[in-house]
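**Student:** Sequence and computational prediction follow.
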Amino acid sequence: MRSAAVLLLVLAGLVAGCTPTGSAQRIEIRIHYSHFDPSELTVPRGVPITFILINEDPIDHEWLIGDAAFHERHRHGTEAHHGARPDEVSIAALTRVETTLTFDKPGQLLYICHFPGHEAYGMVGTLTII
Amino acid sequence: MRRLAAPLAALAFTMAIAAPTLACGGLIGPNGAVNLLRTTTLAGYHDGVEHYVTAFEFAGGGGAFGSIIPLPGVPSSVVRGGDWTLQRLVRETNPPSPFALEAAGAAEDRAVVLQQVRIDALDITILKGGGAEIGVWAKEHGFSLPPDAPEVLDFYANRSPIFMAASFDADAAAARGQAVGDGTPVHLTIPTKNPWVPLRILALGKTAGESVQADVYLLTDDHPALLPAPGSKLAEGGLRLAHSDSASAELLTDLRSDKGMEWIPQSAWLTKVEIDAAAADLRFDLAIDASGAGKPSLRDAGFAPFGPLPAPPTWTPLWVMLLVVFFAIPLGGGWLLAAVARNGGGGRPLAG
């Protein structure tokens, strides 16, 4: 009984630590040597999340977040530059960009840079929505 | 006195498509891909000067493409290379196929342009800067660097902040009457005490399993020691020693008679290293020691950590510690034992 309570407390702490429900969150994603850091994130649904995308590389990157169908479209090219939609962000070399999204349904999405060769090089991250 | 030191050879080609690209989907330029073929380079080292001769050859396509090559020092001259030096070297080591020329932190500071030279349809710029600065310069000048470029540029800039950017205008080449397969030789004269051959740059922009092929000729005063040694485990099977012998007098005479090749010494050692490696395995450079010491540099080969050299040790030098271990401690112990013996062992115990 007591151990179950401790477990619940720990779980509650974990969830609270990364997903303080009810209030907006800010999450930094660093881009270094053409990799996302962190490459795995967990966020709560229904909460506005502001992603601060920091490109430390001297080359341009992009951060496109969506499901498999979304990425399949982008693998074949949509636009040379993104910026009008919050889930499609271009980040010029050595700059930072902020974008805010709210995820309504639990599930898993990928964030990928679709510049030529970047996905194959490892510019892929996973976002889990709980 | 040894007049000639170590030889060097280096070459590195990186292709960066400068034609328009779309952000999504890996689309390349509308004129089709421009492919860089197998490359051949000569690096000779004589009287503290590296002579670096390489050629740019394009295999088709239009628009512009470029190459960024790390250098061990600032060139004192960049000129059109001799007309047939590389072909002559190929013939020397591949007699059955004569004249088969196969080769052809935050950047607040900006890269410094040290030299700019136009050779045929090739625009060559010598740059000084850190990895980020070179990357920004390349971007601003139409190079589309591949995703591994930031790491690779830092890998080199931490050792030598000198780079050569070569931009090849294929349309201009065609207008000049250059045909597909024609090469433009370039000869760089680089005073340096630390010659090395950049190999890792050859894998830039390639996927892990893609093959990297190149021929590197070294012309040195003596038989050089190489790191990694061709065929060794360190070389991951990607380097093969294809030729290693005294250069023939005929070869040296021939090379000396080509334009700009008067520096060729009267005697030399000719080495040919063939590179045939998967891009993922080519994570080193070729360090050369032709001084006779037989100690090519780990750092120049890219195996040692980079960055500033560590400060001189403030701790006791090793030889002093050894002196203490082998002499002072036994002597002190002997004195102690003698003192105990003098007391007949019946005195007060030392402890407990």
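**Tutor:** Looks like it came in fine.
**Student:** what residue ranges in chain A score low on pLDDT?
**Tutor:** For chain A, the stretches flagged by pLDDT under 70 are A:1-22, A:78, A:80.
**Student:** Could you look up the SS state of the residue of the stretch 101-250 of chain B found nearest chain A?
**Tutor:** Nearest to chain A, among the residues of the stretch 101-250 of chain B, is residue B:135, at 2.7 Å (Cβ to the nearest Cβ). C-betas here are computed from N, CA, C, even on glycine. Three-state assignment for residue B:135 (DSSP: H, G, I helix; E, B strand; the rest coil): helix.
**Student:** quick one: it and residue B:123, what's the gap?
**Tutor:** Separation of residue B:135 from residue B:123 (Cβ to Cβ, to the nearest Å): 18 Å.
**Student:** Comparing these two, which shows the higher neighbour count?
**Tutor:** residue B:135 (27 against 18; other Cβ atoms under 10 Å in any protein chain shown).
**Student:** list the contacts for the closest residue to the more buried one other than its chain neighbours?
**Tutor:** Closest residue in space to residue B:135, ignoring its immediate chain neighbours: residue A:58 at 2.7 Å, by Cβ to Cβ, 6 or more residues apart in numbering or on different chains. Contacts for residue A:58 (Cβ atoms under 8 Å, 6 or more residues apart in numbering or on different chains) come out as A:93-94, B:107, B:131-136, B:138-139, B:145, B:149-150, B:153.
**Student:** wait, is residue A:58 part of a helix?
**Tutor:** No. Counting by three-state DSSP, residue A:58 is located in no helix; its state is coil.
**Student:** end-to-end on stretch B:70-84?
**Tutor:** End-to-end span of stretch B:70-84 (Cα to Cα, to the nearest Å): 24 Å.
**Student:** ignore the last one, stretch B:174-190
**Tutor:** Terminal-residue distance, stretch B:174-190 (Cα to Cα): 31 Å.
**Student:** What residues sit buried inside that stretch?
**Tutor:** B:178, B:182-190 (16 or more other Cβ atoms under 10 Å in any protein chain shown).
**Student:** Stretch B:244-255 too?
**Tutor:** Result for stretch B:244-255 [16+ other Cβ under 10 Å]: buried residues B:247, B:251-252, B:254-255.
**Student:** which residue packs closest to residue B:244, ignoring adjacent ones?
**Tutor:** residue B:271 (5.0 Å).
**Student:** what about that neighbour, helix or strand, and which?
**Tutor:** strand B:269-278 (DSSP states H and E).
**Student:** and what of residue B:75?
**Tutor:** Here residue B:75 is assigned to no helix or strand, by DSSP H and E.
**Student:** Quick check, it in contact with residue B:124.
**Tutor:** No. Between residue B:75 and residue B:124 there is no contact under Cβ atoms under 8 Å: 9.5 Å.
**Student:** Need the overlap of contacts for those two.
**Tutor:** Common neighbours of residue B:75 and residue B:124 (Cβ under 8 Å, 6+ apart) are B:115, B:164.
**Student:** quick check: mean pLDDT across stretch B:92-105?
**Tutor:** Average pLDDT, stretch B:92-105: 45.
**Student:** quick one: the strands in the stretch 51-200 of chain B?
**Tutor:** In the stretch 51-200 of chain B, strands defined by DSSP state E, counting those that start in this stretch lie at B:64-71, B:77-80, B:112-119, B:122-128, B:162-169, B:183-191, B:196-197, listed in chain order.
**Student:** can you give me the strands for chain A?
**Tutor:** A:25-32, A:35-37, A:40-43, A:48-55, A:61-66, A:88-91, A:96-102, A:107-112, A:124-129 (DSSP state E).
**Student:** Distance from the last one to the middle of the chain?
**Tutor:** Per Cα atoms, centre = their mean, to the nearest Å, the displacement of strand A:124-129 from the mean C-alpha position of its chain is 6 Å.
**Student:** Determine the set of other helices and strands touching it.
**Tutor:** strand A:40-43, strand A:107-112 (3 or more Cβ pairs under 8 Å, 6 or more residues apart in numbering or on different chains; DSSP states H and E).
**Student:** ok so residue B:202 is a helix residue?
**Tutor:** Yes. Residue B:202 forms part of a helix when assessed by three-state DSSP.
**Student:** model confidence over stretch B:74-88, on average?
**Tutor:** Rounded mean pLDDT across stretch B:74-88 is 81.
**Student:** Any buried residues in that stretch, and which?
**Tutor:** Those would be B:74-75, B:78-82, B:84-88, for stretch B:74-88 by 16+ other Cβ under 10 Å.
**Student:** Residue of chain A closest to chain B, please.
**Tutor:** Taking Cβ to the nearest Cβ, chain A has residue A:58 as its residue nearest chain B, at 2.7 Å.
**Student:** care to break chain B down by domain?
**Tutor:** B:16-289, B:316-352 (automatic domain parsing).
**Student:** weakest of those by average pLDDT?
**Tutor:** domain B:316-352 (a mean of 45).
**Student:** Show me the beta-bridge partners of residue B:71.
**Tutor:** residue B:162 (DSSP bridges).
**Student:** one step back: now list the buried members of the contacts of residue A:58.
**Tutor:** Buried among the contacts of residue A:58 (16+ other Cβ under 10 Å): A:93-94, B:107, B:131-136, B:138-139, B:145, B:149-150, B:153.
**Student:** Which of these fall in helices?
**Tutor:** B:131-136, B:138-139, B:149-150, B:153 (DSSP state H).
**Student:** So residue B:223 versus residue B:268, what's the distance?
**Tutor:** 10 Å.
**Student:** got it, and residue B:84?
**Tutor:** Relative to residue B:268, and taking Cβ to Cβ, residue B:84 is found at 18 Å.
**Student:** what's the answer for residue B:55, then?
**Tutor:** Taking Cβ to Cβ, one finds residue B:55 at 21 Å from residue B:268.
**Student:** Mind giving me the packing neighbours of the strand holding residue B:271?
**Tutor:** Counting by 3+ Cβ pairs under 8 Å, 6+ apart, strand B:269-278 packs on helix B:85-93, strand B:211-220, strand B:239-246.
**Student:** What strands flank the helix or strand just after it, and is each parallel or antiparallel?
**Tutor:** Later in the chain than strand B:269-278, the nearest helix or strand by DSSP H and E is strand B:286-289. Using DSSP bridges, strand B:286-289 pairs in its sheet with strand B:196-197 (antiparallel), strand B:225-227 (antiparallel).
**Student:** Could you verify my assumption that residue A:33 touches residue B:151?
**Tutor:** Yes. In terms of Cβ under 8 Å, residue A:33 counts as a neighbour of residue B:151; the distance is 4.3 Å.
**Student:** hmm, back to that, can you tell me which of the buried ones among the contacts of residue A:58 lies nearest to residue B:167?
**Tutor:** Nearest to residue B:167 among these, counting by Cβ to Cβ, is residue B:138 at 9.7 Å.
**Student:** Skipping adjacent residues, who's closest to the closest one in space?
**Tutor:** Nearest in space to residue B:138, with sequence neighbours left out and distances taken as Cβ to Cβ, 6+ apart, is residue B:145 at 5.6 Å.
**Student:** Would you mind stating the distance between the closest residue in space to residue B:283 that isn't next to it in sequence and residue B:219?
**Tutor:** Nearest residue to residue B:283, sequence neighbours excluded (Cβ to Cβ, 6+ apart): residue B:200, at 5.7 Å. From residue B:200 across to residue B:219, the span is 22 Å (Cβ to Cβ).
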